[in-house]
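Participant: I need the structure of the sequence given here:
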Amino acid sequence: MPLFSFAELLPARYRVQPQRLIRNLLPALLRRPKMLAWLYALHEPLQATYLAFAEHVRRSATELSYNGQTMLLEKALNDRFDPVFRRIRIINSDTELSPIYLNYVSELQEMPVTYYVVEDMPLLKVNNWLEYVSQVGFVVQVPRSLRPQEPTVQARIKQLKISMIRHAITYI
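Facilitator: Modelled structure (predicted):
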């Protein structure tokens, strides 16, 4: 009786062939078809447990292959929530506000000239704290059909993303 193909793809340290093991451990005088069939039947629950273990090893290896990298985070989200169409996309933010330090009057230092890095022009207004706090590192584009599953999508993103990086979800 052959095992499922995913049990054959296990690393060598997890591979077991119960039928072959039973046959080889049984003395040659007792290797009759009836005796082998009886022993195979007795070991059927063990084989079912082994197949469940093989599936667990496969799932664990897949889960451990995911991390916070954009490509792997996108793959993890698509594998879990949209395995057929794979419509979930991650768009990295390309803008970043750089914080500036403004001197107090009591420090007796002149006010620094502040510039936008990309424009090389003096800044007309000083960004307020809300603009710094509300920056997002990436945006996750999710199909509208997954809106009811938003708490689980959020939990999965938070599980895999790098800490201190904010994200936003948009529905397309």
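Participant: Confirm R87 sits in a helix?
Facilitator: No: R87 sits outside any helix when classified using DSSP: H, G, I helix; E, B strand; the rest coil, being coil.
Participant: mind checking the longest helix of this structure?
Facilitator: In the chain, taking DSSP state H as the definition, the longest helix is helix 44-64.
Participant: can you pull the buried residues of that helix?
Facilitator: Q47, Y50, A54, V57 (16 or more other CB atoms under 10 Å). Bear in mind the C-beta positions are built from the backbone N, C-alpha and C, glycine included.
Participant: same question, stretch 139-154
Facilitator: Buried residues in stretch 139-154, counting neighbours by 16+ other CB under 10 Å, are found at V140, V142, L146, V153.
Participant: hang on, the earlier thing: mind checking how far the longest helix of the chain is from the chain centre?
Facilitator: 19 Å (CA atoms, centre = their mean, to the nearest Å).
Participant: same deal with stretch 147-160?
Facilitator: 11 Å.
Participant: Let me see the residues that make contact with it.
Facilitator: Stretch 147-160 is contacted from outside by 66-68, 72-73, 76-77, 80-81, 140, 142, 146, 167, 169, 171, using CB atoms under 8 Å, 6 or more residues apart in numbering.
Participant: Those: which two are farthest apart?
Facilitator: Greatest spatial distance among the contacts of stretch 147-160 (CB to CB): N67 and Y171, at 25.2 Å.
Participant: Can you name the residues that contact K75?
Facilitator: Contacts of K75 (CB under 8 Å, 6+ apart): Y66.
Participant: could you check the distance from it over to M164?
Facilitator: Using CB to CB, to the nearest Å, K75 is found at 22 Å from M164.
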